[in-house]
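S.K.: Using only what follows, build the 3D model:
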Amino acid sequence: MGLNETYTGDLLAPFNKTRVPSSKGSKEVQDFVINEFISMNQTWTVELQNFEENGYNFTNMIFGLGSNDSYLILAAHYDSKLTPDGFIGGIDSAAPCGILLYLSHFIDDIITEDAALLDPVLLENFTGVKMIFFDGEEAFNEWTTVDSLYGSRYAAEKWGDDGSLVQMELFVLLDLLGGDEPIKIPNYSKSTRVFYKTLQKIERKYNKFYGESHKIFENSVTSNLRIADDHTPFLERGVNVLHLIPFPFPSSWHTIEDNYRHLDEKHIHKWCILMCEFITKFWNPDSIAIHPLKPKIQDLNS
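M.R.: Below you'll find the predicted structure:
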């Protein structure tokens, strides 16, 4: 299965390998992601955060476009678990990374080719965006505060020390998405409830447009549930976070069954559209949902 569209080719297949930090597969994914951003029309800034901890070498990849003063952050982790042996992590987190790449092309296209076709308010309000691919989210042994979230802990501390965390308008984290099971995502934070409700509205229009009944975003009442993930070091430092992770977790979570056979093309297609619409509404709340020109997505093939 691949995320095929009109840019440089398949955005999902290159993640179909083990991606443990310091491994050959991790380096191959790094090269692919970097080259994907180099191939875009706009000049994206590239920041690679290389560091060593617990005997492993880690690399966070950060790609920016627009203002240096204010950013929408979209993030996922690209590493896979050390165990079970051969673990791929289709939902955790190959599909979210493929979606991030798709969204990056979407933004690049808006600025490069489609500006005249869209409401000029969107471009007037566009500040900046950063796409973050974290390394080392997974624990190597047992999940603890020191054996997990290696990349996000490093980045949050670095940006906290240099004062750049205040530039983050909103931090959106995607995780455990794209599988073949129906999922629900609660609203985890009062501070970003308005953005959760925006996704609710977009999904309602999507479901009506595509004749779908399942609702991912069903209840905007803030949940008391707190799930440790790459957003945690940022949330602890006061950053507004929209955590897009299902609960309960899909049944394949952290099992060898979390592979590409259990990804679902319709689910991934829906997330591409929902998040493209979310991005346009972030900079222009009055834009029309389910824009007829976007996203440029073809069928996903096995």
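
S.K.: hmm, who's touching stretch 256-269?
M.R.: Residues outside stretch 256-269 that contact it (C-beta atoms under 8 Å, 6 or more residues apart in numbering) are 1, 3, 12, 16, 84, 86-92, 94-95, 98-99, 177-180, 250-252, 297, 299-300. To be clear about C-beta, it is placed using only N, CA and C from the backbone, and glycine gets the same treatment.

S.K.: List buried residues within these.
M.R.: The neighbour-count test (16 or more other C-beta atoms under 10 Å) marks 1, 3, 12, 16, 87-92, 94-95, 98-99, 177-179, 250, 252, 297, 300 as buried among those.

S.K.: and the helix or strand containing Phe133, which strands flank it?
M.R.: Phe133 is part of strand 128-134, with elements assigned from DSSP states H and E. Next to strand 128-134 in the sheet, as set by DSSP bridges, lie strand 56-66 (antiparallel), strand 71-77 (parallel).

S.K.: next SSE after it?
M.R.: Trace forward from strand 128-134 with DSSP H and E and the next one is helix 150-162.

S.K.: tilt between that next one and strand 128-134?
M.R.: Put simply, helix 150-162 runs at 140 degrees to strand 128-134, going by axes from the mean of the first three to the mean of the last three C-alpha atoms, to 10 degrees.

S.K.: How about helix 150-162, which residues are buried there?
M.R.: 150-156, 159-160.

S.K.: Same list as before, those residues that is, but in TSV and with pLDDT and distance to Thr192 included.
M.R.: Shown next, in TSV, are the buried residues of helix 150-162 (pLDDT from 0 to 100; distance: C-beta to C-beta, whole Å):
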residue	pLDDT	distance to Thr192
Tyr150	98	25
Gly151	98	22
Ser152	98	17
Arg153	98	21
Tyr154	98	24
Ala155	98	19
Ala156	98	17
Trp159	97	19
Gly160	97	19
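
S.K.: can I get those in JSON lines with distance to Ser70?
M.R.: Shown next, in JSON lines, are those (distance: C-beta to C-beta, whole Å):
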{"residue": "Tyr150", "distance to Ser70": "27"}
{"residue": "Gly151", "distance to Ser70": "23"}
{"residue": "Ser152", "distance to Ser70": "21"}
{"residue": "Arg153", "distance to Ser70": "24"}
{"residue": "Tyr154", "distance to Ser70": "23"}
{"residue": "Ala155", "distance to Ser70": "18"}
{"residue": "Ala156", "distance to Ser70": "18"}
{"residue": "Trp159", "distance to Ser70": "14"}
{"residue": "Gly160", "distance to Ser70": "17"}
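
S.K.: Out of the residues you listed, flag the one nearest to His77.
M.R.: Gly151 (6.8 Å; C-beta to C-beta).

S.K.: is it true that that closest one touches Asn60?
M.R.: Yes. Look at Gly151 against Asn60 with C-beta atoms under 8 Å: they come within range, at 4.6 Å.

S.K.: got any residues that touch both of those two?
M.R.: In contact with both Gly151 and Asn60: 49, 134-135, using C-beta under 8 Å, 6+ apart.

S.K.: As a markdown table, the residues you listed with neighbour count and distance to Ile256 would be great.
M.R.: Shown next, in a markdown table, are the shared contacts of Gly151 and Asn60 (neighbours: other C-beta atoms under 10 Å; distance: C-beta to C-beta, whole Å):
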| residue | neighbour count | distance to Ile256 |
| --- | --- | --- |
| Gln49 | 17 | 30 |
| Phe134 | 28 | 23 |
| Asp135 | 29 | 22 |
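
S.K.: okay, the residues you listed in TSV with distance to Gly128 and pLDDT next?
M.R.: Shown next, in TSV, are the shared contacts of Gly151 and Asn60 (distance: C-beta to C-beta, whole Å; pLDDT from 0 to 100):
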residue	distance to Gly128	pLDDT
Gln49	18	98
Phe134	19	99
Asp135	23	98
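
S.K.: Skip the chain neighbours and tell me the closest residue to Phe140.
M.R.: Distances taken as C-beta to C-beta, 6 or more residues apart in numbering put Leu82 closest to Phe140, at 5.4 Å, once the chain neighbours are dropped.

S.K.: tell me the SS of the one you found?
M.R.: Secondary structure for Leu82, judged by DSSP: H, G, I helix; E, B strand; the rest coil, is coil.

S.K.: Ramachandran angles for Gly89?
M.R.: Backbone torsions of Gly89, given as degrees, to the nearest 10, read phi 80, psi 70.
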